[in-house]
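Chemist: Fold the following, please.
(chains A and B)
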2 protein chains.
Amino acid sequence: MNFGGKVLALCGGVGGAKLALGLTEILDPGQLRVVVNTGDDFTHFGLPICPDLDTVMYTLGGVSNRQQGWGREGESWNCFDTLKDLGAETWFQLGDRDLAVHLQRRALLDAGYSLSEATATLYQGFDVRHDVVPMTDDPVATIIESAQGDLPFQHYFVRHRCQPAITGYRFNGIEDARPSPGFQAILDDPALAGIIVCPSNPFVSVSPILSLPGVRERIGKLGVPVIAVSPIVGGAAIKGPAAKMFRELDLPVSNQGVADFYGDLLSTLVVNDSDRSEPLNVSTQVYYCRTLMHSLADKVALAEACLSILKP
Amino acid sequence: MNFGGKVLALCGGVGGAKLALGLTEILDPGQLRVVVNTGDDFTHFGLPICPDLDTVMYTLGGVSNRQQGWGREGESWNCFDTLKDLGAETWFQLGDRDLAVHLQRRALLDAGYSLSEATATLYQGFDVRHDVVPMTDDPVATIIESAQGDLPFQHYFVRHRCQPAITGYRFNGIEDARPSPGFQAILDDPALAGIIVCPSNPFVSVSPILSLPGVRERIGKLGVPVIAVSPIVGGAAIKGPAAKMFRELDLPVSNQGVADFYGDLLSTLVVNDSDRSEPLNVSTQVYYCRTLMHSLADKVALAEACLSILKP
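Modeler: Numbers count the residues shown, from 1 in each chain, chains lettered A, B, ... in the order given. Model (predicted):
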């Protein structure tokens, strides 16, 4: 696409990865940087696991399991089955091929690589040519506050299948975390033409990125368009616990709720066609198009729509 | 077998595991304790790997790959193949099912288990009913001194395929290591009727066990028979670098060399039938029988021979 300037995409897991894939189909590698949430990261069996970075990597690398919604296609489970036999913790499924990524990340970090450097090395292994960087190289842990007490995000999301009612959330370590070098560089790049907030969970996928010290303020002062694709369609989330979280936090489960959450950060909210009748009391522009992304064509079409909004 | 008292077997990897298997076929679980070398242990991809403990576990658990001489039978390599694709270190082969053991050992140690406790838990998972304990719960690292400099044992053994000429060896950490509780307990057990040094490498499999502070002295004062099965047959080692090490250390590659190495620790040296003509200048008893262990019957027969020597 003849798009002048660079685009920054803020991204969580599955939904964000879909739009990121659409963007990579249109933009040259030098035109796009994807910044990925790391608040979900955790250590399991001593291995550093980065669910969102890996979902984006597998999606852009063409090896993601689209039916399952996570992990790799054609995966095998021989290690995991043996872990079961040994009575190990098996609430987090680890495929044999997926394990290699966590092992190599462990080795790279132990060898002194930053998470950004380890991520770049791993992505190269999957022939991903576009820049994808973690939001930070510092440890940040999303904690879900619930009636059952504090739950590290993967425990809430995977182990407890999002069942506990949430009363709040926080990002441990966020005050001392700095944006990763790649994130900082794109924010400082005069060629940055706009920012796309992918249709990821606002609370636990996008908010960690925006909560890094200085980021929200810096974006506000950039003067470039900031558009968000609403993850809420017809009063429900396409995937994941976003709608449940809006409800439990006493926020409207609607595009209004999404617009309110992002507030004056946004210049445009992208809303699914089917929600045209929802009354919206917002100060931002609202753009209606098909936001559901089933096929690759859907992903490219939504990416094109987003870029058409950004284009001066 | 109607054997009165308890037996302690000192054991390294493959050769030792074979005799240990023979012993478990004869002795009840309460009659045998196998103490295994941990000087080969190392950390790889952040995971604690205990090659000798695992070889014994797979052998006693009936899942060892006997053709290959290490690892598990029916193993798959999907994680390892992916590690190759990612440009990771692949000099140490990690099967998918084998990996589960290292992952669970990591989890158990991180949860505060000692190596002895983790070992007992893992062995239970393979339905091993006889007691097998690490020589120590403390970190000990066998270092091979060579013309190429110091090499951690697995680097010498696997990465460099035993090619560097050795000039010496040492056990880092040995001065501060204590015998594991299970090892200490059997040394203190009045029912201990004898000790069998398995046909493992004297320098790097048995010597770490004997070099733990106080162990050699304690064994000397026990007053029970101590027999060693010579790993040298016909001037060569059955398996591994033992013969090469004898030669490079300017020691005779023979049963005489083995007898000299163990010295007055031994009451009996068990030598393969085919070496009857080797002149032996030793103060210990020499017992000739078939020491090669191909079949299970071979292993049981050698175990029976050893027990017949121990029997008062």
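Chemist: A:Asp176 and A:Pro213, how far apart?
Modeler: Relative to A:Pro213, A:Asp176 is positioned 8 Å away (C-beta to C-beta, to the nearest Å). For the C-beta atoms, the positions are set from N, CA and C on the backbone; glycine is no exception.
Chemist: Between these two, point out the one with more neighbours.
Modeler: Each of A:Asp176 and A:Pro213 has its neighbours counted (other C-beta atoms under 10 Å in any protein chain shown); A:Pro213 has more, 14 against 11.
Chemist: Give me the sheet partners of the helix or strand bottoming out on mean pLDDT in chain A and which way each runs.
Modeler: Least confident element among the helices and strands of chain A, by mean pLDDT, DSSP states H and E: strand A:236-237 (a mean of 88). Strand A:236-237 pairs in its sheet with strand A:232-233 (antiparallel), by DSSP bridges.
Chemist: Quick check: which ranges of chain A have low pLDDT?
Modeler: Applying pLDDT under 70 to chain A picks out residues A:1, A:312.
Chemist: Helices along that one, start to end?
Modeler: In chain A, the helices defined using DSSP state H lie at A:14-26, A:51-60, A:78-85, A:96-110, A:115-125, A:153-154, A:181-187, A:207-210, A:215-222, A:242-248, A:255-262, A:296-310.
Chemist: Out of those, flag the one nearest B:Leu99.
Modeler: Closest of those to B:Leu99 is helix A:78-85, at 4.8 Å (criterion: C-beta to C-beta).
Chemist: now for the closest one, which elements pack on it?
Modeler: For helix A:78-85, the contact count by 3 or more C-beta pairs under 8 Å, 6 or more residues apart in numbering or on different chains; DSSP states H and E identifies helix A:96-110, helix B:96-110 as packing neighbours.
Chemist: next one: the last one to chain centre, how far?
Modeler: Translated: helix B:96-110. 21 Å (C-alpha atoms, centre = their mean, to the nearest Å).
Chemist: Please list the residues outside it that contact it.
Modeler: Residues outside helix B:96-110 that contact it (C-beta atoms under 8 Å, 6 or more residues apart in numbering or on different chains): A:45-47, A:76, A:78-83, A:85-86, A:88-89, A:96, A:99, B:44, B:46-50, B:54, B:57, B:71-72, B:74-80, B:94, B:115, B:117-118, B:121-122, B:125.
Chemist: residues in contact with A:Tyr262?
Modeler: Counting by C-beta under 8 Å, 6+ apart, A:Tyr262 touches A:197, A:202, A:228, A:269.
Chemist: How about the residues of chain A by chain B?
Modeler: Residues of chain A lying near chain B by C-beta under 8 Å from any C-beta of the partner chain: A:45-47, A:76, A:78-83, A:85-89, A:96-97, A:99-101, A:103-104, A:106-107, A:110, A:121-122, A:125.
Chemist: Buried only: go through these for me.
Modeler: If you count burial by 16 or more other C-beta atoms under 10 Å in any protein chain shown, the buried members of these come out as A:45-47, A:76, A:78-80, A:82-83, A:86, A:88, A:96-97, A:99-101, A:103-104, A:106-107, A:121-122, A:125.
Chemist: Was I right to think A:Ser64 contacts A:Tyr58?
Modeler: Yes: between A:Ser64 and A:Tyr58 there is a contact under C-beta atoms under 8 Å: 3.9 Å.
Chemist: what residues are shared contacts of these two?
Modeler: Overlap of the contact sets of A:Ser64 and A:Tyr58 (by C-beta under 8 Å, 6+ apart) consists of A:71-72.
Chemist: now A:Arg72, which residues is it bridged with?
Modeler: Counting by DSSP bridges, the residues bridging with A:Arg72 are A:Ser64.
Chemist: Mind putting the helices of chain A into a markdown table with distance to A:Asn2?
Modeler: Output for the helices of chain A, formatted as a markdown table (distance: least, C-beta to C-beta, whole Å):
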| stretch | distance to A:Asn2 |
| --- | --- |
| helix A:14-26 | 10 |
| helix A:51-60 | 22 |
| helix A:78-85 | 47 |
| helix A:96-110 | 35 |
| helix A:115-125 | 26 |
| helix A:153-154 | 40 |
| helix A:181-187 | 21 |
| helix A:207-210 | 29 |
| helix A:215-222 | 23 |
| helix A:242-248 | 34 |
| helix A:255-262 | 29 |
| helix A:296-310 | 10 |
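Chemist: Identify whichever of those helices lies nearest to B:Val253.
Modeler: Closest to B:Val253 of these is helix A:96-110 (C-beta to C-beta; 38.5 Å).
Chemist: any idea how far the nearest residue to A:Ala305 once chain neighbours are set aside lies from B:Ile143?
Modeler: Distances taken as C-beta to C-beta, 6 or more residues apart in numbering or on different chains put A:Cys289 closest to A:Ala305, at 4.6 Å, once the chain neighbours are dropped. As judged by C-beta to C-beta, A:Cys289 and B:Ile143 stand 65 Å apart.
Chemist: Burial check on the nearest residue to A:Leu251 once chain neighbours are set aside, number of neighbours?
Modeler: Nearest residue to A:Leu251, sequence neighbours excluded (C-beta to C-beta, 6+ apart): A:Gly257, at 4.8 Å. A count of nearby residues for A:Gly257, using other C-beta under 10 Å, gives 19.
Chemist: Now do the contacts for A:Gly257.
Modeler: Applying C-beta under 8 Å, 6+ apart to A:Gly257 gives the contacts A:232, A:246, A:251.
Chemist: Closest one to A:Leu19 out of these, please.
Modeler: Once C-beta to C-beta is applied, the member of the contacts of A:Gly257 that ends up nearest A:Leu19 is A:Ile232, at 15.1 Å.
Chemist: Quick check: the gap between the closest one and chain B.
Modeler: Applying C-beta to the nearest C-beta, to the nearest Å, the value for A:Ile232 to chain B is 37 Å.
Chemist: so that residue sits right up against A:Ala243, yeah?
Modeler: Yes: at 6.5 Å, A:Ile232 counts as touching A:Ala243 under the criterion of C-beta under 8 Å.
Chemist: ok, A:Asp189 - contacts?
Modeler: A:Lys6.
Chemist: next one: stretch A:128-138 to chain centre, how far?
Modeler: In terms of C-alpha atoms, centre = their mean, the centre of stretch A:128-138 is set 11 Å apart from its chain centre.
Chemist: From one end of it to the other, what's the distance?
Modeler: Stretch A:128-138 has an end-to-end distance of 23 Å (C-alpha to C-alpha, to the nearest Å).
Chemist: Let me see the residues that make contact with it.
Modeler: Contact partners of stretch A:128-138, identified using C-beta under 8 Å, 6+ apart, comprise A:20, A:23-24, A:27, A:29, A:32-38, A:50, A:53, A:56-57, A:60-61, A:114-116, A:119-120, A:123, A:173, A:176-183, A:208-209, A:212.
Chemist: repeat for stretch A:227-234
Modeler: With C-beta under 8 Å, 6+ apart as the test, stretch A:227-234 has contacts from A:15, A:19, A:194-202, A:206, A:237-238, A:242-243, A:246, A:253-255, A:257-259, A:262, A:266-272, A:274-275, A:287, A:291-292, A:302, A:306, A:309-310.
Chemist: Can you add distance to A:Arg159 and give the helices and strands packed on helix A:78-85 back as JSON lines?
Modeler: Shown next, in JSON lines, are those (distance: least, C-beta to C-beta, whole Å):
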{"stretch": "helix A:96-110", "distance to A:Arg159": "17"}
{"stretch": "helix B:96-110", "distance to A:Arg159": "15"}
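Chemist: Which of the ones you listed sits closest to A:Pro279?
Modeler: Distance to A:Pro279, taken as C-beta to C-beta, is lowest for helix A:96-110 among those, at 44.2 Å.
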